[in-house]
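Trainee: I'd like to go over a predicted model; first the sequence, then the structure.
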Amino acid sequence: VQLVESGGGLVQAGGSLRLSCVASGFTFSEYVMSWYRQVAGKEREWVASVFGDGAGTNYADSVKGRFTISRDNAKKTVHLHMNTLKPEDTAVYYCKARLSRIRVEYWGQGTQVTVSS
């Protein structure tokens, strides 16, 4: 099982980034895919989730209206489109796959996003 994130980097406030997470080793379409983020010294924070069929999404209030999560089951990929970035969005962003009925979840290694003011 592998989740590999990419797309992080340094961007100015107000800019945009698109994160990607490519999955392998499990039945991707069955899993709820989520993005989390973590600042050093703080707890990991949930950002957004998308259900297996891609129709259902949820967002943390702090990113609602600015971030969009999407998935491509054929490519086993989930994206996080981040617009109007703020310095407080600076964090390591992690991809997570979860299948509740068997209580299994997988995490990626993270990708750094830094937003300069």
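Mentor: Noted; the coordinates are in hand. Numbers count the residues shown, from 1 in each chain.
Trainee: contacts, neighbours, all on C-alpha from now
Mentor: Fine.
Trainee: which residues sit in contact with the residue nearest the centre of the chain?
Mentor: Note on the chain: the residue nearest the mean C-alpha position is W35, at 2.7 Å, using Cα atoms, centre = their mean. The neighbours of W35, taking Cα atoms under 8 Å, 6 or more residues apart in numbering as the test, are W46, V47, A48, S49, L80, Y93, Y94, C95, K96.
Trainee: Find me the pLDDT at G52, would you?
Mentor: G52 is assigned 88 on the pLDDT scale.
Trainee: for it, helix, strand, or coil?
Mentor: coil (DSSP: H, G, I helix; E, B strand; the rest coil).
Trainee: ok, back up a step: in JSON lines, list the contacts of W35 along with neighbour count and distance to E5.
Mentor: Listed next are the contacts of W35 as JSON lines, based on neighbours: other Cα atoms under 10 Å; distance: Cα to Cα, whole Å:
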{"residue": "W46", "neighbour count": "16", "distance to E5": "16"}
{"residue": "V47", "neighbour count": "22", "distance to E5": "15"}
{"residue": "A48", "neighbour count": "23", "distance to E5": "15"}
{"residue": "S49", "neighbour count": "25", "distance to E5": "15"}
{"residue": "L80", "neighbour count": "23", "distance to E5": "10"}
{"residue": "Y93", "neighbour count": "27", "distance to E5": "8"}
{"residue": "Y94", "neighbour count": "26", "distance to E5": "7"}
{"residue": "C95", "neighbour count": "30", "distance to E5": "7"}
{"residue": "K96", "neighbour count": "23", "distance to E5": "10"}
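Trainee: would you list every one of the helices in this structure?
Mentor: The residue ranges that make up helices in the chain, judged by DSSP state H, are empty, as it has none.
Trainee: which residue packs closest to V104, ignoring adjacent ones?
Mentor: Distances taken as Cα to Cα, 6 or more residues apart in numbering place R98 nearest to V104, at 5.7 Å, with adjacent residues excluded.
Trainee: Correct me if wrong: the one you found contacts Y31.
Mentor: Yes - judged on Cα atoms under 8 Å, R98 makes contact with Y31 at a distance of 5.3 Å.
Trainee: Compare these two and say which one has the larger neighbour count.
Mentor: For R98 versus Y31, neighbours defined as other Cα atoms under 10 Å are more numerous around Y31 (21 against 18).
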